[in-house]
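Enquirer: sequence-free structure coming up:
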């Protein structure tokens, strides 16, 4: 492993790429999920980093359930809602199928994953954002994604 | 600002890209600093993420100088040295001018910046890694970089 850390993506049996961000961006380029030009790629990247920033704030490792619930309310109100308010408004305004037009990008996948994570903590949270909730459902119902969601190991986050 | 946070890069007077990672990767693509193909881009990206991970561990916000020094020793020994050991060995083995061959990439810039940050805490740290210390010097002495290092605001990190 390049720096002694997982995850590592092994390419063509020998090339080893570590670091989640580097791996998903490499796969995004290969699968044309990063946007169709450099500026769009920057937007998809910005969006994904912002979503990942939310994920980093979730109190995943807090074991005391009362503290965890209190922290989650704080994160939801002060960090998540201000961002989702903006994304919901923009997505409704653009009126496209996905976040960046009518083609799926990595931003849609990152969003779906984050929405499911939030729902583990606050089950009805996404109902506040009907357009984004519909997007989450639309992405999750794509056959290959649905198949992965059904078969992946069930973990608390 | 897209998500109410700085930094923001304004492109052509109107397009606004937030998130440090998205900004530097966009500029890297524009300036051909991200590597010459997708796999190399993944390696430069992996390296940069690893370097940024070191930066995130530095006790930048600790105000008690005794605690700060203790934390820095711990980070240096347990987190930084194992990574620099690997990079020094690989860089010496390849024998190229820069980390990924004879062309400068963003990885070299990220490395130089991190090395200077570490030296703020432990002034002679990089002496343990003579090949990387020489690389740090070589990058810093490029005229445009030298000019920026001379004129940039002096901040503690």
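Expert: Yes, it's here. Bear in mind the structure is a predicted one, so any value in this text is a computation, not a measurement.
Enquirer: where does residue A:9 land in three-state SS?
Expert: strand (DSSP: H, G, I helix; E, B strand; the rest coil).
Enquirer: That one pairs with what?
Expert: Assessed by DSSP bridges, residue A:9 has beta-bridge partners residue A:17.
Enquirer: wait, doesn't it sit right on residue A:26?
Expert: Yes. At 6.9 Å, residue A:9 and residue A:26 qualify as touching, with contact defined as Cβ atoms under 8 Å. Where C-beta positions appear, they are placed from N, C-alpha and C, glycine not excepted.
Enquirer: who touches both of those two?
Expert: residue A:17 (Cβ atoms under 8 Å, 6 or more residues apart in numbering or on different chains).
Enquirer: what's the single longest helix in chain A?
Expert: Ordering each helix of chain A by length in residues (DSSP state H) puts helix A:38-57 first.
Enquirer: Identify each buried residue in it, please.
Expert: Neighbour-count burial for helix A:38-57, counted by 16 or more other Cβ atoms under 10 Å in any protein chain shown, picks out A:39-52, A:54, A:57.
Enquirer: For chain A, which segments count as helices?
Expert: Taking DSSP H as the criterion, chain A contains helices spanning A:20-30, A:38-57, A:65-75, A:81-94, A:106-121, A:130-140, A:143-151.
Enquirer: closest one to residue B:35 among those?
Expert: helix A:20-30 (10.8 Å; Cβ to Cβ).
Enquirer: buried ones in that closest one?
Expert: Applying a neighbour-count criterion of 16+ other Cβ under 10 Å, one finds A:21, A:22, A:23, A:24, A:25, A:26, A:27, A:28, A:29 buried in helix A:20-30.
Enquirer: near chain B, which of these show up?
Expert: Counting by Cβ under 8 Å from any Cβ of the partner chain, A:21, A:22, A:23, A:25, A:26, A:29 from those sit close to chain B.
Enquirer: distance of the nearest residue to residue A:40 once chain neighbours are set aside from residue A:48?
Expert: The shortest distance from residue A:40 to any non-neighbouring residue, by Cβ to Cβ, 6 or more residues apart in numbering or on different chains, is to residue A:100 (6.4 Å). Using Cβ to Cβ, to the nearest Å, residue A:100 is found at 11 Å from residue A:48.
Enquirer: Repeat that for residue A:133.
Expert: Applying Cβ to Cβ, the value for residue A:133 to residue A:48 is 19 Å.
Enquirer: Also residue A:141?
Expert: For residue A:141, the distance to residue A:48 - Cβ to Cβ - is 21 Å.
Enquirer: Burial check on the spatially closest residue to residue A:28 that is not a sequence neighbour, number of neighbours?
Expert: Using Cβ to Cβ, 6+ apart and skipping residues adjacent in sequence, the residue nearest residue A:28 is residue A:34, 3.9 Å away. If you count neighbours by other Cβ atoms under 10 Å in any protein chain shown, residue A:34 ends up with 23.
Enquirer: Likewise for residue A:154?
Expert: Residues lying near residue A:154 (other Cβ under 10 Å) number 4.
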